[in-house]
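Undergrad: Compute the structure for the input listed below.
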Amino acid sequence: MSIKILLLDDDDEFRETLSMFLTSEGFSVVEAKTGDEALDILQKGGIECSIIDVLLPRKNGFKVFEEMKALPNVGNSPVIMISGFYKGYKHRQDAVFSMGAMEYLEKPFDFLKDLKPHLIKLFQKRYPSGVLGTTSSVSNSDPFEDPIVDNTIDKKGFFSQEPTQTMNILLEDLDDDLILDKFPTSGILDITSGEVDLSFPKLLIELYNFKFTGELFVENLNGEIKKLIYLSKGLPVFVKSTLVSECLGHVLVSEKIITSKDLDKSLDLMKQTRKPQGKILREMNCISLENLKYGLLRQLEIKLHDIFSWNKIKYRYKEIKGELPIPPTIHEFEYSFAYLIYQGVMKGYDIEMLKPMFKKHATKKIYHTHTEKLSFKEGELFDDELEFFGNLQHGTSLFETIKEHADEKEYVLKQMLVYYFLGMIEFR
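TA: Take a look at the predicted model:
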């Protein structure tokens with residue numbers, strides 16, 4: 001009889017993909033989209049392991065795990081928690097050490113490298129043999145052709161193997177110095193308004209370094225989108241936006257926490273009562289306090305990540321003494337400011353926005369500064385990301401580094417840009 005695994009995830013595409021992998025490995029998979037559905041399945045028995053997503057509508061994965069442990073003959077069943085948003089050491093610690101999960105995996109993860117070893121450890125000799133048990137040994141040919149000869153770069157371009165939206169950088173003019181650094185590395189800010197190109201992180205970092213408290217008004221170049229960011233000691237705590245898609249209700253619908261009907265009803269009640277939408281949704285009993293906290297934090301991040309994606313930003317800021325004119329917040333960042341920058345670049349920057357950095361620094365050599373003002377707290381980066389940073393070779397050019405990681409060049413370039421913004425590396 002095959003081993004039966006419960007897979008609880010409301011993302012149809014991810015659930016289908018993971019289910020196919022588990023089935024191909026020889027497991028029998030029972031799928032569930034909601035916490036209550038999963039609990040009903042568990043009560044019937046026969047499940048030997050559960051894979052539970054944290055972010056679920058109405059009843060999140062942590063709550064499901066808690067209720068699951070109280071079920072007769074189910075409580076000790078091994079659980080692997082997964083999450084695409086709740087990243088970081090704290091959440092893994094809560095899941096594994098406090099709640100007793102077998103493992104906590106952060107999406108996206110590699111089924112073969114990240115999930116399969118834990119299942120093998122769990123079932124050992126009972127692990128079924130599957131057709132996906134081995135990885136392909138086929139490697140791509142080197143996309144770079146004689147890139148650096150006497151400090152020149154081959155004019156045929158780079159990243160030419162990308163099937164869509166390529167980074168074909170011809171680099172015919174390496175002296176085209178597209179400015180990434182608008183602000184001084186030290187000293188008092190002597191400007192309260194201006195424009196920055198591709199450098200929203202630098203603006204945030206400068207304000208954070210001076211522990212600025214006040215409001216930062218930003219708009220994109222054509223003025224179609226405007227946002228007002230409130231900062232407390234340099235950390236964004238609240239953002240007003242002109243984008244309807246960034247309203248709390250729309251964020252909660254997109255995250256599958258509430259339904260479109262819940263949204264429409266809450267909007268009608270908002271017009272009638274003038275109450276905040278979060279309060280109305282709680283009164284409607286269609287969202288838990290934990291999911292509301294998540295929704296508010298997710299809303300804040302979505303608003304900020306969108307600004308990271310702007311090519312040019314007009315801004316002005318004003319210091320505020322005393323309390324900020326914002327509603328009371330029930331959420332706060334559980335990670336460092338450095339990780340906010342990291343997430344913003346990873347999610348907001350696209351290939352086109354990486355071109356100026358590569359064009360400016362391709363032939364320069366990388367050095368650790370050992371003087372970074374900002375750093376990541378323990379557990380905020382994946383082990384392979386920490387290992388990548390630790391293994392950066394002094395005196396190796398950016399181009400050589402990217403060539404070494406040709407199969408994930410865009411991802412690596414984003415990492416390098418983050419380290420550069422945070423002052424962890426320099427190019428010279």
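Undergrad: low-scoring stretches of the stretch 151-300 of the chain, by residue?
TA: Applying pLDDT under 70 to the stretch 151-300 of the chain flags the ranges 151-198, 223.
Undergrad: can you pull out the strands in it?
TA: Ranges of strands in the stretch 151-300 of the chain, per DSSP state E, counting those that start in this stretch, are 152-153, 193-197, 214-220, 226-232, 235-241.
Undergrad: Between the ones you listed, which one is closest to residue 105.
TA: Nearest to residue 105, of all the strands of the stretch 151-300 of the chain, is strand 235-241, at 28.3 Å by Cβ to Cβ. For the C-beta atoms, the positions are set from N, CA and C on the backbone; glycine is no exception.
Undergrad: Only the buried residues of that closest one, if you could.
TA: When burial is assessed from 16 or more other Cβ atoms under 10 Å, strand 235-241 yields the following buried residues: 235, 236, 237, 238, 239, 241.
Undergrad: With distance to residue 46 added, can I get the strands of the stretch 151-300 of the chain in TSV?
TA: Converted to TSV, those look like this (distance: least, Cβ to Cβ, whole Å):
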stretch	distance to residue 46
strand 152-153	61
strand 193-197	58
strand 214-220	54
strand 226-232	51
strand 235-241	47
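Undergrad: who wins for proximity to residue 5 among those?
TA: Closest among these, using Cβ to Cβ: strand 235-241, at 40.2 Å.
Undergrad: can you tell me which of the buried residues of strand 235-241 lies nearest to residue 336?
TA: The closest of the buried residues of strand 235-241 to residue 336 turns out to be residue 235 (Cβ to Cβ; 9.7 Å).
Undergrad: nearest residue to that closest one other than its sequence neighbours?
TA: Nearest residue to residue 235, sequence neighbours excluded (Cβ to Cβ, 6 or more residues apart in numbering): residue 337, at 6.0 Å.
Undergrad: Domain boundaries for this protein, per the record?
TA: 4-126, 143-172+346-428, 180-334 (automatic domain parsing).
Undergrad: Confirm for me that residue 5 is in contact with residue 29.
TA: Yes - the criterion here is Cβ atoms under 8 Å, and residue 5 meets it with residue 29 at 5.5 Å.
Undergrad: residues bridging contact with these two, i.e. touching both?
TA: residue 22 (Cβ atoms under 8 Å, 6 or more residues apart in numbering).
Undergrad: Which one of the two is surrounded by more residues?
TA: Ranked by neighbour count (other Cβ atoms under 10 Å), residue 5 and residue 29 place residue 5 first, with 24 against 19.
Undergrad: The more buried one in helix, strand or coil?
TA: Following DSSP: H, G, I helix; E, B strand; the rest coil, residue 5 is assigned to strand.
Undergrad: That one and residue 69, how far apart?
TA: Per Cβ to Cβ, to the nearest Å, residue 5 is found 18 Å from residue 69.
Undergrad: In three-state terms, label residue 80 for me.
TA: strand.
Undergrad: show me what contacts it?
TA: Here residue 80 is in contact with 49, 50, 51, 52, 101, 102, 103, 104, 105, 115, 118 (criterion: Cβ under 8 Å, 6+ apart).
Undergrad: Export those as a markdown table, with columns for distance to residue 74.
TA: Shown next, in a markdown table, are the contacts of residue 80 (distance: Cβ to Cβ, whole Å):
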| residue | distance to residue 74 |
| --- | --- |
| 49 | 12 |
| 50 | 9 |
| 51 | 15 |
| 52 | 13 |
| 101 | 14 |
| 102 | 14 |
| 103 | 18 |
| 104 | 20 |
| 105 | 21 |
| 115 | 22 |
| 118 | 19 |
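Undergrad: Specify which member of these is nearest to residue 229.
TA: Of those, the one sitting nearest to residue 229 (Cβ to Cβ) turns out to be residue 104, at 31.5 Å.
Undergrad: Let's verify the closest one: helix, strand, or coil?
TA: strand.
Undergrad: For it, which residues are in contact?
TA: Residue 104 neighbours (Cβ under 8 Å, 6+ apart): 80, 81, 82, 83, 91, 92, 95, 96.
Undergrad: that older thread, give me the pLDDT for the residue nearest to residue 235.
TA: pLDDT for residue 337: 84.
Undergrad: And it, how far from residue 374?
TA: 6 Å.
Undergrad: Neighbour count: those two, which is higher?
TA: Remark: of residue 337 and residue 374, residue 337 carries more neighbours, 21 against 17, as counted by other Cβ under 10 Å.
Undergrad: residues of the lengthiest helix in the chain that come out buried?
TA: Using DSSP state H, we find that the single longest helix of the chain is helix 289-308. Neighbour-count burial for helix 289-308, counted by 16+ other Cβ under 10 Å, picks out 291-292, 294-308.
Undergrad: So which residue is dead centre in the chain?
TA: Nearest to the geometric centre of the chain sits residue 343, at 5.0 Å (Cα atoms, centre = their mean).
Undergrad: returning to what we had before: show me the contacts for the residue nearest to residue 235.
TA: Applying Cβ under 8 Å, 6+ apart, the residues near residue 337 are 208, 234, 235, 374.
Undergrad: Residue 285: which of those is nearest?
TA: residue 235 (32.4 Å).
Undergrad: so which helix or strand takes in residue 314?
TA: strand 312-319 (DSSP states H and E).
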